[in-house]
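# no sequence on hand, only this structure:
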């Protein structure tokens with residue numbers, strides 16, 4: 001049970017889903033809960049969902065913020081970090097509230113609620129749903145060889161259509177304050193959210209279009225569920241503590257991509273200091289140990305951790321590998337996709 005310290009000074013205990021969130025994020029068993037957005041942000045929802053309470057959940061040190069829903073004595077929490085769990089959690093909520101979307105409009109409302117909880121920390125959908133070019137924030141920030149005008153004809157208003165025994169929902173969204181554009185496809189039926197597809201169509205729209213075209217072929221061959229990655233950006237740089245870095249950004253065929261940064265120092269002591277800083281700053285240390293090279297010999301230290309951005313309060317998962325005077329960091333906002341690079 002999670003001991004929730006509410007903003008009115010009281011303490012309540014809640015059974016919490018998913019269990020992995022309780023284990024990783026709240027090992028002390030304590031959390032701070034602030035009441036979130038009002039139901040008016042989601043006007044078209046099945047009536048049974050009007051009884052839930054939206055909340056924002058923080059750890060006792062206020063290092064991160066995630067979205068939550070309270071129903072009875074149960075707390076359902078959501079975050080991009082748990083992109084592999086979010087559909088299961090909202091389906092538990094749908095089951096206990098006996099919710100069934102009875103029209104395309106309600107299915108669309110349920111999809112917007114799911115995205116707000118799982119990816120946007122309870123932001124009003126009006127802030128992230130995009131139907132046309134003018135809905136995209138910071139449109140003048142773009143790569144040299146493309147602009148948002150290149151995807152003008154791809155955008156359309158959110159829509160839900162009857163599909164088999166449920167509804168197919170399609171909509172576009174942007175990152176808050178960023179011109180990154182996502183295309184979402186969800187299948188929703190009486191049991192809840194059955195599938196979720198998150199495809200980033202901008203920036204790198206040409207490369208991403210080629211990636212998704214290949215994914216359609218993989219789906220036809222029965223291998224489309226596997227998350228694939230494509231290299232999008234490479235850069236070199238330096239850090240304030242003297243490391244030379246090489247950086248890569250990899251897009252995913254579904255969900256958040258991967259960032260890879262290799263730190264090269266002039267001394268093993270500085271690499272060890274960085275490794276220890278990652279461990280010290282971690283919200284959770286999932287595992288530590290040694291990594292083995294291709295011959296089965298110990299190559300150095302490794303760790304898998306959960307980190308929180310001190311400015312945005314967003315969570316990410318990261319793997320770190322230390323070898324002599326270097327540290328390799330591979331990170332993602334989605335724990336499932338970080339694990340998928342081995343598969």
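Good, I have the coordinates. Just so it is clear, the structure is predicted and the values come from calculations on it, not from any experiment.
# going forward, measure contacts and count neighbours with C-alpha atoms only.
OK.
# how deep is the nearest residue to residue 174 once chain neighbours are set aside tucked in, by neighbour count?
Sequence neighbours aside, residue 181 is the residue nearest to residue 174 in space, at 4.5 Å (criterion: C-alpha to C-alpha, 6 or more residues apart in numbering). Using other C-alpha atoms under 10 Å, residue 181 has 24 neighbouring residues.
# where does residue 181 fall, phi/psi-wise?
Backbone torsions of residue 181, given as degrees, to the nearest 10, read phi -120, psi 130.
# got the contact list for it?
Applying C-alpha atoms under 8 Å, 6 or more residues apart in numbering, we find residue 181 in contact with 136, 172-175, 200-203.
# doesn't residue 277 belong to a helix?
Yes. Counting by DSSP: H, G, I helix; E, B strand; the rest coil, residue 277 is found in a helix.
# report how many residues lie close to it.
Neighbourhood size, residue 277 [other C-alpha under 10 Å]: 11.
# need the residue closest to the centroid of this protein.
Nearest to the mean C-alpha position of the chain, by C-alpha atoms, centre = their mean, lies residue 80 at 2.2 Å.
# isn't it right up against residue 115?
No. Residue 80 lies out of contact with residue 115 (C-alpha atoms under 8 Å); the separation is 9.5 Å.
# still on that earlier bit, of the contacts of residue 181, closest to residue 228?
Proximity of these to residue 228 (C-alpha to C-alpha) peaks at residue 200, which lies at 13.0 Å.
# mind listing the strands for the stretch 201-343 of the chain?
229-238, 244-252, 258-264, 284-292, 298-308, 315-323, 326-332 (DSSP state E, counting those that start in this stretch).
# by contact count, what packs against the second one?
With contacts taken as 3 or more C-alpha pairs under 8 Å, 6 or more residues apart in numbering; DSSP states H and E, strand 244-252 sits against strand 229-238, strand 258-264.
# try it again at 10 Å.
strand 192-202, helix 205-220, strand 229-238, strand 258-264, strand 326-332 (3 or more C-alpha pairs under 10 Å, 6 or more residues apart in numbering; DSSP states H and E).
# kindly report the same for the first one.
Secondary-structure packing of strand 229-238 (3+ C-alpha pairs under 10 Å, 6+ apart): helix 205-220, strand 244-252, strand 258-264.
# output the helices and strands packed on strand 244-252 in TSV, with distance to residue 185, mean neighbour count and mean pLDDT appended to each entry.
Converted to TSV, those look like this (distance: least, C-alpha to C-alpha, whole Å; neighbours: other C-alpha atoms under 10 Å; pLDDT from 0 to 100):
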stretch	distance to residue 185	mean neighbour count	mean pLDDT
strand 192-202	5	19	95
helix 205-220	13	14	70
strand 229-238	19	13	95
strand 258-264	21	20	98
strand 326-332	21	22	98
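# so which of these is nearest residue 282?
Comparison of these against residue 282 by C-alpha to C-alpha identifies strand 326-332 as nearest, at 12.9 Å.
# and that closest one, how far out from the chain middle?
Centre-to-centre, strand 326-332 and its host chain are 18 Å apart (C-alpha atoms, centre = their mean, to the nearest Å).
# so which elements touch that strand?
Using 3+ C-alpha pairs under 10 Å, 6+ apart, strand 326-332 sits against strand 244-252, strand 258-264, helix 268-281, strand 298-308, strand 315-323, helix 335-340.
# make it 7 Å
If contacts are counted by 3 or more C-alpha pairs under 7 Å, 6 or more residues apart in numbering; DSSP states H and E, strand 326-332 sits against strand 258-264, strand 315-323.
# show me where pLDDT drops low in the stretch 101-250 of the chain?
Across the stretch 101-250 of the chain, the ranges flagged by pLDDT under 70 are 214-224.
# thinking again about what came up before, can you add distance to residue 307 and give the helices and strands packed on strand 244-252 back as TSV?
Putting these into TSV (distance: least, C-alpha to C-alpha, whole Å) gives the following:
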stretch	distance to residue 307
strand 192-202	23
helix 205-220	28
strand 229-238	21
strand 258-264	14
strand 326-332	9
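# let me know which of the ones you listed is the nearest to residue 132.
Ranking the helices and strands packed on strand 244-252 by proximity to residue 132 (C-alpha to C-alpha) places strand 192-202 first, at 13.3 Å.
# for residue 257, see how far away the closest residue to residue 112 other than its chain neighbours is.
Take residue 112 and drop its neighbours on the chain: the residue closest to it by C-alpha to C-alpha, 6+ apart is residue 125, 6.3 Å away. For residue 125, the distance to residue 257 (C-alpha to C-alpha, to the nearest Å) stands at 23 Å.
# ok, those two, which is more surrounded?
Remark: of residue 125 and residue 257, residue 257 carries more neighbours, 22 against 17, as counted by other C-alpha under 10 Å.
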